[in-house]
Structure formats: structure tokens, C-alpha cells
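> Sequence below, structure please.
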Amino acid sequence: MTDEVTDGTGLPPDGGREWRGWREAAERALYGPGGFFLRPEGPAGHFRTSVHASPLFAGAVARLLVATAAELDTDEVALVDMGAGRGELVTGVLAAVPAGLRVRAYAVERAARPEGLDPRVEWTGRPPQGVRGLLFANEWLDNVPVDVAEVDEDGTVRYVEVRADGTERPGAPVTGPDAEWLARWWPLSAPGERAEIGRPRDEAWAAAVGSLAAGRAVAVDYGHVRGSRPPFGTLTGFRAGREVAPVPDGTGDLTAHVALDACAAAVRARVPAELTTQREALHGLGVCGGRPPLALASTDPVAYVRALSAAGEAAELTARGGLGDFLWLSQRV
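Numbering: from 1, shown residues only. Predicted coordinates for the structure are as follows:
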């Protein structure tokens, strides 16, 4: 990175602007000059996803890619890794696919291409158009910036404005398409209730799915559906492996759970979307946390230790109250 003058927040000065909506503030903090996702250490330096938890996750995605190729009746298939980080998932999938399946791999990410990445991977800032295969978005949508709304004491739903130090204040009333989205997907009524307005995520997901000519698109994320929305929203931050208050200063992650049912409805598809937990999805792809038979410890101790380790990793990926509660949205094209 080049040396830059900053305003004390880690971000370049912005001409005296202080208050802004959360969507604009998060966009600048995450993806602007000096932003969090463009830092050298990458997301893995601050939080751990399923990809980092175990290679079993990439192996499961590889099996899903093989199944997608079979559905398309082809031996050459595309893999589009949305929000690729530093290429960890696409690298793991390429290592796990069987011989004989040709994979055209794309990593979609705003950060620069990391050194040493497999040359088979095309690094791009937006999904390729018209490919046939699997588009996989692991913890991508939760980092698509959105505005936050809150009901004031008079019952008016207002945008929440924020400064770079995390201080908030009520802004203008929410109107237009944002108000329509809230009325349909996340109605607010009581003073103090908050919501993240997911309309930009709906649009981002519809565009990603629309980039496929044929195949399957899968989004994996923290999520919720109408009827079980959290009353005060989910906006939070992560820094150096710990959950912290959301502060849009470029030094940490800013994330909010995704209204995945709204994302699904934004895509016009002939086949209904499938929404399930990661626990159920990974079980269907052969990732289970059962202990290996104890007899194996006597006949092949090394194999037993390997199997025990894999069982522990599988248990973490599918655990209730943890990664297993992530939602998988799957849509066929």
C-alpha cells in the first residue's frame, strides 16, 4: 500500500463531510481507499469463515460443482467465487475436483489479485457474463453495504446517520423504494425498532444470478426470514478475531445478517429457490461429524487420528448455534 494522509480514522479525508447514511459510510470504510477489505492481511486476518475452518467445506463445494456439471451434461464447467477474499475457496475447490472435469475458475473480488494464486483462476472485479456452472457466494452478501432505519419517538421511520467514530443520529424519513422494501420485508412500528434495508443486496444477488447462462447460484450467509427478523437489527463489526461495535473507520469489518427470502424473491426463476441451513446442506454433500469406529484405532491408528480430526472439523461446520445455522440459498438457472 502507498502512504496516505488520513483524518485519524484510517481513511483519507473527505472534504469535511461528517454525517452520512450507513450504506455510504460502510461502502467507504470497507471498499474505499485504505478500506478494510483492501488491506494486505485480508479478511482472514480478522474473522474466520467456513472456508478457513476446514478444507471439508471446499470439498463439499467441489462435489456441488461436479453435480452441477452432471446436471448440465458437460465435462467443462465454470466456478464463480463471489467475494473471493484472497482466493482461499476457489483454490481449495480446484484441488478437490476429480480429474477429468475441466473447471474455468473465476474469483470475483475488489481487492488486488494475491501473489501466488493458481494461474488457472481469473481474477475479476465483477462476475463473468453468460457462463455455465456454479456461482458460489460465501459470506458475500452480508458485506454488501445497506442503510439502517430506526423508528423515532413519534413513530416515524428514519434513516440512521453515522460518523466515522460510530456515533449515530436520526436522519431523514425513509421514503420511496426503501420504504416499500421495509413495508414488504421488514415492517417497523415501535419506537427504537431497527432494520437493515436489504434492497441493495436483493439487486446484487439478482445481478449475480443473472450472470449465469445456466447452472446454479448459491449464497451462504448469516440470515433471517420474514416472521423472525431481529427487532433491533444485526449490524455489527469484527476486528482481529473479535466482535466489536460497528465503527465505519476502515479498521474492521462491518456486517449485517441477510434477508435471504427477499434476495430469493428478487430473482425471477422457473424453479423455486431452496433455502436451508448449512447443517442440512453439508449433510447432503457428505459432510458429517460422526466419530470413526473405535476399532480403527487398533487396526490403523494414523487413519483413526485423521478421521477423528475430520469429524471434529465437520462437527464445527455443521454445529447448531454456530456455522451450522448459516443459511444456504440455492437457485437454479
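
> any low-confidence regions in the stretch 51-200 of the chain?
Scanning the stretch 51-200 of the chain for pLDDT under 70 picks out 53.

> how about residue 168, phi and psi?
Main-chain dihedrals, residue 168, degrees, to the nearest 10: phi -120, psi 160.

> So what pairs up with it in the strands?
residue 162 (DSSP bridges).

> quick one, what contacts it?
Applying Cβ atoms under 8 Å, 6 or more residues apart in numbering to residue 168 gives the contacts 160-162. C-betas here are computed from N, CA, C, even on glycine.

> And those residues, which is closest to residue 92?
Of all those, residue 162 has the smallest distance to residue 92: 36.2 Å, by Cβ to Cβ.

> Helices of the chain, start to end?
For the chain, helices defined by DSSP state H occupy the ranges 22-31, 50-53, 55-72, 88-96, 176-185, 199-210, 260-265, 278-284, 295-299, 301-317.

> Now that we have those, can you turn them into CSV and tack on distance to residue 326 and mean neighbour count?
CSV is the format used below for the helices of the chain (distance: least, Cβ to Cβ, whole Å; neighbours: other Cβ atoms under 10 Å):
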stretch, distance to residue 326, mean neighbour count
helix 22-31, 20, 22
helix 50-53, 7, 19
helix 55-72, 11, 20
helix 88-96, 14, 21
helix 176-185, 20, 14
helix 199-210, 16, 20
helix 260-265, 10, 21
helix 278-284, 4, 19
helix 295-299, 31, 12
helix 301-317, 9, 15
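
> Out of the ones you listed, the one nearest residue 330 is which?
Among the helices of the chain, helix 278-284 sits nearest to residue 330 (Cβ to Cβ), with 7.9 Å.

> And that closest one, what does it pack against?
helix 301-317, strand 327-332 (3 or more Cβ pairs under 8 Å, 6 or more residues apart in numbering; DSSP states H and E).

> Low-confidence ranges, the stretch 201-333 of the chain, go.
Across the stretch 201-333 of the chain (using pLDDT under 70), the flagged ranges come out as 289-314.

> Please repeat the previous calculation with a cut-off of 80.
For the stretch 201-333 of the chain, the stretches with pLDDT under 80 are 241, 269-271, 288-319, 323-324.

> ok so, going back, any idea which of the contacts of residue 168 has the most stuff around it?
Neighbour counts for the contacts of residue 168 (other Cβ atoms under 10 Å) peak at residue 162, which has 25 neighbours.

> ok, back up a step: could you save the helices of the chain as JSON lines and add columns showing distance to residue 167?
As requested, the helices of the chain are exported to JSON lines (distance: least, Cβ to Cβ, whole Å):
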{"stretch": "helix 22-31", "distance to residue 167": "11"}
{"stretch": "helix 50-53", "distance to residue 167": "32"}
{"stretch": "helix 55-72", "distance to residue 167": "38"}
{"stretch": "helix 88-96", "distance to residue 167": "35"}
{"stretch": "helix 176-185", "distance to residue 167": "22"}
{"stretch": "helix 199-210", "distance to residue 167": "23"}
{"stretch": "helix 260-265", "distance to residue 167": "29"}
{"stretch": "helix 278-284", "distance to residue 167": "35"}
{"stretch": "helix 295-299", "distance to residue 167": "57"}
{"stretch": "helix 301-317", "distance to residue 167": "37"}
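
> mind checking which of those helices is nearest residue 125?
helix 22-31 (10.7 Å).

> And the closest one, how far out from the chain middle?
Here the centre of helix 22-31 is set off from its chain's centre by 16 Å, with Cα atoms, centre = their mean, to the nearest Å.

> quick one: residue 283 and residue 315 touch, right?
No: contact between residue 283 and residue 315 fails when scored by Cβ atoms under 8 Å: they sit 11.7 Å apart.

> Can you give me the distance of residue 177 to residue 256?
Here residue 177 is placed at a distance of 19 Å from residue 256 (Cβ to Cβ, to the nearest Å).

> Residue 282 too?
Noted for residue 282: a distance of 24 Å to residue 256, by Cβ to Cβ.

> do the same with residue 167
18 Å.

> again, but for residue 135
Remark: distance between residue 135 and residue 256 (Cβ to Cβ) = 22 Å.

> cool, and residue 192?
17 Å.

> Comparing these two, which residue is more hemmed in?
The residue with more neighbours, out of residue 192 and residue 256, is residue 256; 25 against 11, by other Cβ under 10 Å.

> Please verify my assumption that that one contacts residue 230.
No: with contact defined as Cβ under 8 Å, residue 256 does not count as touching residue 230 (9.8 Å).

> For residue 163, grab the count of nearby residues.
Neighbours around residue 163, by other Cβ under 10 Å: 17.

> what's it sitting at in phi/psi?
Torsion angles, degrees, to the nearest 10, at residue 163: phi -100, psi 170.

> Give me the pLDDT value at the closest residue in space to it that isn't next to it in sequence.
Nearest residue to residue 163 in three dimensions, chain neighbours excluded: residue 18, at 5.5 Å (Cβ to Cβ, 6 or more residues apart in numbering). Note for residue 18: predicted pLDDT of 90.
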